[in-house]
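A.B. asks: Would you be able to build a 3D model of this:
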Amino acid sequence: MNVNRHYTREFVRTFFTSPAAVDGEDDSAKMLRNAAQLRGMQAPDVWVPDNEDATAPPMRTEGVENVIEIVAEYGRDFPGEIHPRVVWHREDATTRYLGFQQILKITTSDSGAIEHVDGFVIPEVGDIDDWKKADECLTIAETEAGIEVGSLSMSVIVESGEAELALTDLREEMGKPSNNLERLFLLVDGQVDYTKDMRAMTPTGELPSWPALRHNTSRSASATGLIAVDGPYDDIRNIDGYHERMEENRAKGIVGIWSLTPGQVVAANKAPLPPTRGSWLLEVNGRQIPLEDEDDRQVYQGDELGLKETGDGRYVLRFSDDKRSLTVEELHETLQDLTSYIPSMNDIVDSTEEFETAKAAGKGAVSMTQSTTLVIDGIKVDLTKDRMWDKATYQAVQTPIFLFQYVYENRPDQHEELAEMYGTDTVERAMAVGN
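C.D. replies: Predicted coordinates for the structure are as follows:
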């Protein structure tokens, strides 16, 4: 069988699940059908037709049929990858058998759906031996379907302490001739069931944030060449909270996140990309406060920080109840330390081009300067921040550029929106740097 696989991914921004069958609808595949036709920023990097938690148990037989039908009809034109989620459970052989039957039905269907399926998502895995069982089921299904063994990827959802401990076994187990664990693709955190498995409780009943779990998943993904994805953020109306979670994740090396709605898909597709405009932050009482850009001046509008000129060449800088008397030089030094700059895509491209030009001329490092006027209580303070760029700085800054280039190369359905975000000139320059 000639199976048309998608490309090998280096980044995944969005992991979007859709119920495989919805009870009470004339068309139980309605949500699958809608998701399969998403394009541009509304379309995820990885689409997961979900025949597990998102589909009621009595509907799962119909759910498999829906997945086959919809993927066969729309899969060829879907711009991302398609990875159905089947049932599985580390402690229940009957559930694992049902999951295997779902995989087998999809892979061996005469509809041709398997030509557009890139892999399967296995939930509720346990220790590493359980991961091997799922891998063996995929190997058998590939053999039955007449496709190359190992061509279907396997993503797992880490939803238990057992699965988290199994992350540490991956480096040793992957590559052994007795398994095909090289097919592993995504390591996805599932905080809801993880919380249940850990018997964790919070006063409000909300989920713990589990930062150690996210760190462990990211570390294991980095060590094994896989991709880490954060779990669902179920407060779907709290877009600010969703962005905060994604920002925390990126600091841990996790670019991807589970998306529950098309709105979350759009937010998660855009969030890792460099911003369209640069912005300044001011540290106040341990928090980074965004400054308001007014006529190229950065204005602080809160009441936790105050500034007053005393008339003797000195200033009083107030932090809540703490007051400091400072000279002009001390004021500049203090505010320099308290401010930081978030570069735009254009800033990153400019700096990258400047460093590459300097490097070609034989220079090992260059100084990049960013200036602004900070306004606190009507008092203007001119600030200039210098950053030394060397090879290590250059390589670190390449990550957002590589991400952009990767998205642009592999998601042509997003070209128009990217050009609208950044401008055609910046897009062309961003695609040229670092190569």
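A.B. asks: what's the average pLDDT for the helix or strand in which Thr107 is found?
C.D. replies: Using DSSP states H and E, Thr107 sits in helix 93-108. In this model, helix 93-108 has an average pLDDT of 98.
A.B. asks: Take it, keep the C-alpha atoms, and write them as PDB.
C.D. replies: Extracted in PDB, the C-alpha atoms of helix 93-108 (Å, rounded to 0.1, in the frame of the first residue of the first chain):
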ATOM      1  CA  ALA A  93      -6.600  -5.900  29.400                       C
ATOM      2  CA  THR A  94     -10.100  -5.700  28.000                       C
ATOM      3  CA  THR A  95      -9.700  -2.000  27.400                       C
ATOM      4  CA  ARG A  96      -6.400  -2.500  25.700                       C
ATOM      5  CA  TYR A  97      -7.900  -5.200  23.500                       C
ATOM      6  CA  LEU A  98     -10.700  -2.800  22.500                       C
ATOM      7  CA  GLY A  99      -8.100  -0.200  21.700                       C
ATOM      8  CA  PHE A 100      -6.200  -2.700  19.500                       C
ATOM      9  CA  GLN A 101      -9.400  -3.500  17.600                       C
ATOM     10  CA  GLN A 102     -10.000   0.200  17.000                       C
ATOM     11  CA  ILE A 103      -6.500   0.600  15.600                       C
ATOM     12  CA  LEU A 104      -6.900  -2.500  13.500                       C
ATOM     13  CA  LYS A 105     -10.200  -1.400  12.000                       C
ATOM     14  CA  ILE A 106      -8.900   2.000  11.000                       C
ATOM     15  CA  THR A 107      -5.600   0.600   9.500                       C
ATOM     16  CA  THR A 108      -7.200  -2.200   7.500                       C
END
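A.B. asks: outside of the longest helix belonging to the chain, which residues touch it?
C.D. replies: Ranked by number of residues, the top helix in the chain under DSSP state H is helix 391-410. For helix 391-410, the external contacting residues (Cβ atoms under 8 Å, 6 or more residues apart in numbering) are 7, 9-11, 13, 255, 272-274, 345, 348-349, 351-352, 355, 359, 364, 387, 414-415, 418, 427, 430-431, 433-434. For every residue, glycine as well, the C-beta is placed using N, CA and C.
A.B. asks: Now do the contacts for Asn216.
C.D. replies: Per Cβ under 8 Å, 6+ apart, neighbours of Asn216: Glu164, Leu167.
A.B. asks: separation between it and Asp26?
C.D. replies: Separation of Asn216 from Asp26 (Cβ to Cβ, to the nearest Å): 45 Å.
A.B. asks: With Asp235 instead?
C.D. replies: 31 Å.
A.B. asks: go on, His415?
C.D. replies: The gap separating His415 from Asp26 is 36 Å, by Cβ to Cβ.
A.B. asks: which of the two has more neighbours?
C.D. replies: His415 (13 against 5; other Cβ atoms under 10 Å).
A.B. asks: where in the chain is pLDDT low?
C.D. replies: Along the chain, the model assigns pLDDT under 70 to residues 1-8, 435.
A.B. asks: switch the cut-off to 80
C.D. replies: 1-9, 311, 320-321, 364-365, 435 (pLDDT under 80).
A.B. asks: show me what contacts the most centrally placed residue in it?
C.D. replies: With distances taken as Cα atoms, centre = their mean, the residue of the chain nearest its centroid is Gly256 (1.9 Å). With contact taken as Cβ under 8 Å, 6+ apart, Gly256 is in contact with 11-15, 45-46, 186, 227-230, 268.
A.B. asks: Tell me the one of these nearest Asn249?
C.D. replies: Asp230 (5.0 Å; Cβ to Cβ).
A.B. asks: can you pull up the bridge partners for the closest one?
C.D. replies: Ile257 (DSSP bridges).
A.B. asks: How many residues are close by it?
C.D. replies: Asp230, neighbours per other Cβ under 10 Å, totals 27.
A.B. asks: wouldn't it be in contact with Pro211 here?
C.D. replies: No - Asp230 is beyond contact range of Pro211, at 10.7 Å (criterion: Cβ atoms under 8 Å).
A.B. asks: ok, the residue nearest to Tyr233 when sequence neighbours are not counted - how many residues close by?
C.D. replies: Closest residue to Tyr233 in three dimensions, ignoring its sequence neighbours and counting by Cβ to Cβ, 6 or more residues apart in numbering: Tyr242, at 5.0 Å. A total of 21 residues lie near Tyr242 under the criterion other Cβ under 10 Å.
A.B. asks: Now Tyr242: which helix or strand?
C.D. replies: helix 239-251.
A.B. asks: Can you name every helix or strand that that helix contacts?
C.D. replies: Contacts defined by 3 or more Cβ pairs under 8 Å, 6 or more residues apart in numbering; DSSP states H and E place helix 239-251 against strand 227-230, strand 256-259, helix 262-270.
A.B. asks: dump the residue contacts of the residue nearest to Tyr233.
C.D. replies: Tyr233, Asp235, Ile257, Gln264, Ala267, Ala268.
A.B. asks: Selection in ChimeraX covering whichever of those are buried, please.
C.D. replies: For the buried members of those, the matching ChimeraX selection, counting by 16 or more other Cβ atoms under 10 Å, is:
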select :233,257,264,267,268
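A.B. asks: farthest-separated two in the contacts of Tyr242?
C.D. replies: So, these by Cβ to Cβ: farthest apart are Asp235 and Ala268, at 14.3 Å.
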